[in-house]
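Student: dropping the sequence and predicted coords here.
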Amino acid sequence: MTTTESEQSRTTGRTGRGQSGSRKDPGRRERIARAAITVVAERGIEKLTHRAVAAAAGVPLGSTTYHFATLDDLLAVALRQAAQDNVAELREYAGEMDAGGDLASVLTDLVLRYLGPERRRTVVEHELYVAALHRPALRAASTEWDAALRDLFTSYTDEVSGKMLAAVFCGLLWQGIVREPLPDRNEIETIFRRALGSHAVH
């Protein structure tokens, strides 16, 4: 066997093992993504490392570098995972509107939840979002998150109102994670009702 063939054999072997590992553990990539969120929550973005994520995910260090070559790759997937979790939760709440619930009231409940019991998670999500300011590789994930929120709210109003609601929703969360004291329920609900105007839930 020539040197080239030997190198190709070793490369194929490594690739085969990686693919086999992925087949045996199909949820590993998502678990690594969620572990990256955990590391950011506990240590901050600047302390994110492949080793720390591997430990948090309970996988070999090679698994994190196999799936995500750079720290920006890890941050991007963490941001996308946070966005997917956030939008999925919003869609669950949207079911209340489908059942005849009040949009302003439901959105108020969500803001209070994200600034109350889920405050830590909200702070982490915003840290990941802000990281896109200095890491161009994250901007696509941030834009996807914005678009998902806009599309969700648009499905209950119209395009312009959906964009406005998304901006109001995000703005209240941004203010809430740094503001003391937190806005009360009446204040938040009044803002949403003013933003909704005469729009009814479809």
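Tutor: Good, I have the coordinates.

Student: now do the domain split for the protein, please.
Tutor: Domain assignment for the chain by automatic domain parsing gives 1-69, 71-202.

Student: now mean pLDDT and mean neighbour count too, for those, in a markdown table please.
Tutor: All C-beta spots, glycine's among them, are computed from the backbone N, C-alpha and C. What follows is those, written out as a markdown table (pLDDT from 0 to 100; neighbours: other C-beta atoms under 10 Å):
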| stretch | mean pLDDT | mean neighbour count |
| --- | --- | --- |
| domain 1-69 | 73 | 15 |
| domain 71-202 | 85 | 16 |
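
Student: can you give the contact residues for stretch 31-41?
Tutor: 47-49, 52-54, 56-59, 63-64, 67-68, 74-75, 77-78, 80-82, 120-121, 123-124, 127-128 (C-beta atoms under 8 Å, 6 or more residues apart in numbering).

Student: likewise for stretch 42-53?
Tutor: 32, 35-36, 39-40, 61, 64-65, 68, 71, 74-75, 127-128, 131.

Student: isn't Leu75 right up against His134?
Tutor: No: the pair Leu75 / His134 is not scored as a contact, 10.8 Å apart, by C-beta atoms under 8 Å.

Student: so who does Gln175 touch?
Tutor: Pro183.

Student: before we move on, which element is the residue nearest to the spatial centre of the chain in?
Tutor: The C-alpha lying nearest the average C-alpha coordinate of the chain belongs to Ala82 (C-alpha atoms, centre = their mean; 1.8 Å). Ala82 belongs to helix 71-98 when assigned by DSSP states H and E.

Student: after that helix, next one along is what?
Tutor: Next along the chain after helix 71-98, taking DSSP H and E as the criterion, comes helix 103-115.

Student: with just CA atoms, put the next helix or strand after that following helix into PDB.
Tutor: Towards the C-terminus, the helix or strand next in line after helix 103-115, according to DSSP H and E, is helix 119-131. C-alpha atoms of helix 119-131 as PDB (Å, rounded to 0.1, in the frame of the first residue of the first chain):
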ATOM      1  CA  ARG A 119     -35.100  34.800  33.400                       C
ATOM      2  CA  ARG A 120     -31.800  33.000  33.400                       C
ATOM      3  CA  ARG A 121     -32.600  31.400  30.100                       C
ATOM      4  CA  THR A 122     -33.700  34.700  28.600                       C
ATOM      5  CA  VAL A 123     -30.500  36.400  29.600                       C
ATOM      6  CA  VAL A 124     -28.400  33.600  27.900                       C
ATOM      7  CA  GLU A 125     -30.500  33.800  24.700                       C
ATOM      8  CA  HIS A 126     -29.800  37.500  24.600                       C
ATOM      9  CA  GLU A 127     -26.100  37.000  25.200                       C
ATOM     10  CA  LEU A 128     -26.000  34.700  22.300                       C
ATOM     11  CA  TYR A 129     -27.900  37.100  20.100                       C
ATOM     12  CA  VAL A 130     -25.700  40.100  21.100                       C
ATOM     13  CA  ALA A 131     -22.600  38.000  20.200                       C
END
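
Student: can you give me the angle helix 119-131 makes with helix 71-98?
Tutor: Compare the direction of helix 119-131 with that of helix 71-98 by axes from the mean of the first three to the mean of the last three C-alpha atoms, to 10 degrees and you get 130 degrees.
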